[in-house]
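Peer 1: just the structure for this:
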Amino acid sequence: MDENIKKIRNIGIIAHIDAGKTTTTERLLFYTGKTYKIGEVDEGTAVMDWMDQERERGITILSAATTFYWKEHKINIIDTPGHVDFTVEVERSLRVLDGAIGIFCGVGGVQPQSETVWRQSGRYNIPRIIYVNKLDRTGADFFKVVKDIEEKLLAEAVVLELPFFSGDEFKGVIDIVEEKAFLYSSENETEAEEKDIPADMKETVEKYRSILMEKAADTDETVMKKYLDGERITPGELKRAVRKGTVNCRFFPVFCGASLKNKGTLLLLNAVVDYLPSPADMGATPGINPLSREKAAMVPGDRENLSMYGFKLHNDPHMGKLLYTRVYSGKVKKGQSIYNWTRNCAEKVMKILEVHANKYYEKEEAGTGDIVALAGLRKSYTGDTLSEKKHPILFEQLKFPEPVIYVSAEPKVKSDHEKIYEGLSKIAEEDPTIKIKVDTETGQTIIMGMGELHIEIVAERLKREHRLNMRLGKPEVAYRETITQTAAGEGKFIKHAGTKGHYGHVVLKMEPLPRGEKFIFENTVGEDKIQRQFIPAIEEGVREAMEAGPLLGVPVMDVKVTLKDGSSHPVDSNEIAYKIAASMAFIDANRKASPVLLEPIMKIELSLPEEFMGEALTDFNLRNGRIEQVQTKEGFKIIDGYVPLRTVFGYATALRSLTQGRGSYIIEPSYYEIVPEEEVKRIRGI
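Peer 2: Down below sits the predicted model:
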């Protein structure tokens with residue numbers, strides 16, 4: 001194994017909005033010498049929030065990547081958004097990361113989006129360390145946050161650092177492993193004083209150290225033996241055992257600090273090196289051989305066989321189309337020819353760029369574990385696998401959530417219609433949760449996205465990046481259709497036009513799938529009835545027919561379609577005929593399968609003063625909301641529940657009015673549910 005690979009860390013910073021992700025990243029950049037001045041989110045000077053909209057709004061919209069060095073280790077870091085509308089940025093970043101820092105607010109604890117991103121990273125089995133931030137704020141409670149993490153996230157949190165307070169003031173951090181206290185007397189963290197543990201903290205430190213040693217003993221035999229024999233366990237042995245447990249996701253080490261006040265971030269940097277995995281620790285990346293369809297894998301130590309994964313596409317105004325790529329094995333060189341196995345096409349790497357937010361530095365080559373942007377790839381997109389043609393591999397593709405709202409968009413200047421569609425299509429190329437289509441009846445352009453802010457940002461980007469203005473209609477719910485019964489449908493397309501004929505005949509079976517399964521196509525027909533070459537055309541016909549269901553003309557989801565029967569003609573059978581026949585069969589089966597309308601249900605967290613609880617709950621019930629739990633935090637009531645998206649448009653204004661401007665809420669898409677019959681009639685205008 002190449003020793004350099006062991007000194008690489010690919011990590012992400014994940015958290016709820018406003019937990020301090022970008023503020024923490026700015027400190028990491030400053031203390032590693034990547035920047036000469038600390039950027040501040042509130043002042044609009046954060047390096048990682050480089051878009052105008054990010055600086056104006058004080059939020060992260062696009063995940064930003066950078067590379068820096070610490071203790072001879074190369075750290076590739078991705079700062080991800082916290083707002084739910086941009087969850088796709090988190091999803092695709094997590095797909096290529098080896099580790100993550102989960103940041104939690106010392107006052108807010110586990111908030112809705114921190115729960116979402118934690119579960120997202122859990123799906124990819126990403127080792128994580130926890131950083132409890134903002135301990136300098138009034139109402140911060142480190143131990144309550146740790147308890148919150150254990151109860152809400154069901155995560156095994158192991159405390160490695162404790163905060164030290166003088167009165168109510170956060171003064172320093174106690175390192176349980178090294179058994180040292182770091183006290184901060186100035187704004188510069190490098191001037192922290194290293195002291196013995198204060199007498200009044202010794203009992204608490206001892207308690208958490210014994211818990212730590214128990215957990216470490218479970219993961220490492222040397223530590224286990226020493227622990228049972230009552231021998232002293234050295235900090236080095238303890239670190240090795242904790243690292244092992246962290247890499248295997250058996251537990252999650254907890255650190256603390258106040259990034260804005262430059263407290264605790266240098267120790268966090270050390271923790272990244274000490275406990276988060278290298279590409280070598282993560283082992284082989286599984287995939288399939290696209291030619292044989294057999295299982296395959298790429299090993300990080302393999303220097304010969306190049307394999308890469310494109311996780312993000314970015315259209316840069318100066319550099320053109322860039323594909324952000326993670327190299328899983330081998331090396332890629334400038335000018336090299338590679339093969340895109342997802343789209344079956346050859347590509348040429350014109351430039352290899354190391355990324356620092358929106359700045360790029362050219363490199364001659366990139367090796368295993370590197371995260372770089374590739375320029376010159378013309379047909380490659382998010383989720384594509386790239387390697388050499390002689391070494392075929394296909395990694396699992398990313399799955400993106402369905403858009404939940406849509407708005408109509410009209411150009412302010414009529415002649416800009418085509419330019420607007422082109423501009424929106426470029427933005428949709430970058431963001432797979434944005435979908436653009438043209439309404440065939442009205443000719444209007446429709447933008448579909450994850451929320452009102454998401455679509456608002458798209459309109460702003462179009463204005464700033466493409467100098468195009470458009471009017472947005474009012475937001476509408478992106479309904480879906482599905483079926484509740486199994487049914488069969490038949491489609492025949494037989495036509496003669498002069499000497500050329502068309503013959504396509506298929507019988508499909510259609511079954512409902514569990515929510516979120518989207519679509520499965522299966523073929524059970526032998527070549528004696530329909531030749532194999534026509535099967536892709538049949539699937540394509542089904543997919544096209546799924547774009548418009550019989551109830552509202554909206555896409556159909558969560559169905560399994562099986563090709564059960566059919567016939568062919570020795571001369572007249574062709575792809576077009578089978579595609580049309582498949583569409584006809586799908587429409588026939590769909591009508592018989594008791595179609596129903598689905599609507600997005602949102603997970604919601606309301607925060608409001610206790611005195612307004614009655615009026616707010618009455619209003620929430622009128623919106624068909626369902627309450628899951630009610631908690632009290634510092635005189636505020638926190639209500640968790642679910643509500644149909646159709647009832648919460650304009651809710652921000654109503655809630656402000658009910659609570660004299662003191663109430664707020666956060667929503668995120670959760671699942672789809674069948675729309676009540678009376679509501680269906682109202683929507684369809686029956």
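Peer 1: CA-only coordinates of stretch 189-209 in PDB, if you can.
Peer 2: Taking C-alpha atoms only, stretch 189-209 is exported to PDB below (Å, rounded to 0.1, in the frame of the first residue of the first chain):
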ATOM      1  CA  GLU A 189      -5.900  29.900  18.900                       C
ATOM      2  CA  THR A 190      -2.200  29.200  18.400                       C
ATOM      3  CA  GLU A 191      -1.500  31.100  21.700                       C
ATOM      4  CA  ALA A 192      -3.600  28.700  23.800                       C
ATOM      5  CA  GLU A 193      -2.000  27.800  27.100                       C
ATOM      6  CA  GLU A 194      -1.400  24.100  27.900                       C
ATOM      7  CA  LYS A 195      -2.200  23.500  31.500                       C
ATOM      8  CA  ASP A 196      -3.000  20.700  34.000                       C
ATOM      9  CA  ILE A 197      -6.600  19.700  34.400                       C
ATOM     10  CA  PRO A 198      -8.300  22.100  36.800                       C
ATOM     11  CA  ALA A 199      -9.000  20.500  40.200                       C
ATOM     12  CA  ASP A 200     -12.800  21.000  40.000                       C
ATOM     13  CA  MET A 201     -12.900  19.200  36.700                       C
ATOM     14  CA  LYS A 202     -10.800  16.100  37.600                       C
ATOM     15  CA  GLU A 203     -13.800  14.000  38.800                       C
ATOM     16  CA  THR A 204     -15.800  14.700  35.500                       C
ATOM     17  CA  VAL A 205     -12.700  14.000  33.400                       C
ATOM     18  CA  GLU A 206     -12.100  10.700  35.300                       C
ATOM     19  CA  LYS A 207     -15.700   9.600  34.700                       C
ATOM     20  CA  TYR A 208     -15.500  10.300  30.900                       C
ATOM     21  CA  ARG A 209     -12.000   8.800  30.600                       C
END
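Peer 1: show me the contacts for the residue nearest to Glu410 when sequence neighbours are not counted.
Peer 2: Distance criterion CB to CB, 6 or more residues apart in numbering; nearest residue to Glu410, sequence neighbours excluded, is Arg471 at 4.9 Å. Placement of C-beta: from N, CA and C, glycine included. By CB atoms under 8 Å, 6 or more residues apart in numbering, the contact set of Arg471 is 409-412.
Peer 1: hang on, Arg471 is in a strand, isn't it?
Peer 2: Yes: applying DSSP: H, G, I helix; E, B strand; the rest coil, one finds Arg471 inside a strand.
Peer 1: name the element the spatially closest residue to Thr32 that is not a sequence neighbour belongs to?
Peer 2: Leaving aside its sequence neighbours, Thr32 sits nearest to Phe68 (CB to CB, 6+ apart; 4.1 Å). In this assignment (DSSP states H and E), Phe68 forms part of strand 64-70.
Peer 1: gap between the helix or strand just after that strand and the chain center?
Peer 2: Once strand 64-70 ends, the next helix or strand along the chain (criterion: DSSP H and E) is strand 73-79. Centre-to-centre, strand 73-79 and its host chain are 18 Å apart (CA atoms, centre = their mean, to the nearest Å).
Peer 1: helices and strands around strand 73-79, which ones?
Peer 2: strand 8-15, helix 21-31, strand 64-70, helix 265-275 (3 or more CB pairs under 8 Å, 6 or more residues apart in numbering; DSSP states H and E).
Peer 1: tell me which of these sits nearest to Pro600.
Peer 2: Pro600 sits nearest to strand 8-15 of all those, at 23.5 Å, using CB to CB.
Peer 1: how far does that closest one sit from its chain's centre?
Peer 2: Distance, centroid of strand 8-15 to centroid of chain: 13 Å (CA atoms, centre = their mean).
Peer 1: partners of that strand, with directions?
Peer 2: Paired neighbours of strand 8-15 in the sheet (DSSP bridges): strand 73-79 (parallel), strand 99-105 (parallel).
Peer 1: winner for burial among those strands?
Peer 2: strand 99-105 (a mean of 25; mean count of other CB atoms under 10 Å).
Peer 1: what's the following helix or strand after that one?
Peer 2: helix 112-123.
Peer 1: between that following helix and strand 99-105, how big is the angle?
Peer 2: Per axes from the mean of the first three to the mean of the last three CA atoms, to 10 degrees, the angle that helix 112-123 makes with strand 99-105 is 160 degrees.
Peer 1: got JSON lines for the contacts of Arg471, with distance to Ala545 too?
Peer 2: JSON lines is the format used below for those (distance: CB to CB, whole Å):
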{"residue": "Ala409", "distance to Ala545": "26"}
{"residue": "Glu410", "distance to Ala545": "29"}
{"residue": "Pro411", "distance to Ala545": "31"}
{"residue": "Lys412", "distance to Ala545": "36"}
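Peer 1: PyMOL command to pick out the buried ones of those residues?
Peer 2: Restricted to buried positions by 16 or more other CB atoms under 10 Å, the PyMOL selection for these reads:
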select buried, resi 409+410+411
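Peer 1: now, which of the contacts of Arg471 lie within helices?
Peer 2: In helices, judged by DSSP state H, none of those are found.
Peer 1: just the contacts of Arg471 now: which is nearest Glu544?
Peer 2: Taking these together and measuring to Glu544 by CB to CB, the closest member is Ala409, at 23.8 Å.
Peer 1: you'd agree that closest one is up against Gln444?
Peer 2: Yes: Ala409 lies in contact with Gln444 (CB atoms under 8 Å); the separation is 7.2 Å.
Peer 1: intersection of neighbour lists for these two?
Peer 2: Counting by CB under 8 Å, 6+ apart, the common neighbours of Ala409 and Gln444 are Gly473.
Peer 1: centre-most residue in the chain?
Peer 2: In the chain, the C-alpha nearest the mean C-alpha coordinate belongs to Glu91, at 1.8 Å (CA atoms, centre = their mean).
Peer 1: for the helix or strand where that one lies, give the mean pLDDT please.
Peer 2: Here Glu91 sits within helix 87-94, counting by DSSP H and E. Averaged over helix 87-94, pLDDT sits at 76.
Peer 1: starting at the chain centroid, how far to it?
Peer 2: So, by CA atoms, centre = their mean, the centroid of helix 87-94 is 2 Å from its chain's centroid.
Peer 1: from Asp18, how far off is Ile576?
Peer 2: Distance from Ile576 to Asp18, counting by CB to CB, to the nearest Å: 54 Å.
Peer 1: helices of the stretch 301-450 of the chain, residue ranges please.
Peer 2: Per DSSP state H, counting those that start in this stretch, the stretch 301-450 of the chain carries helices over the ranges 417-430.
Peer 1: in the lengthiest strand in the chain, which residues are buried?
Peer 2: Of all the segments of type strand in the chain, defined by DSSP state E, the longest one is strand 595-609. Buried residues in strand 595-609, counted by 16+ other CB under 10 Å: 595-608.
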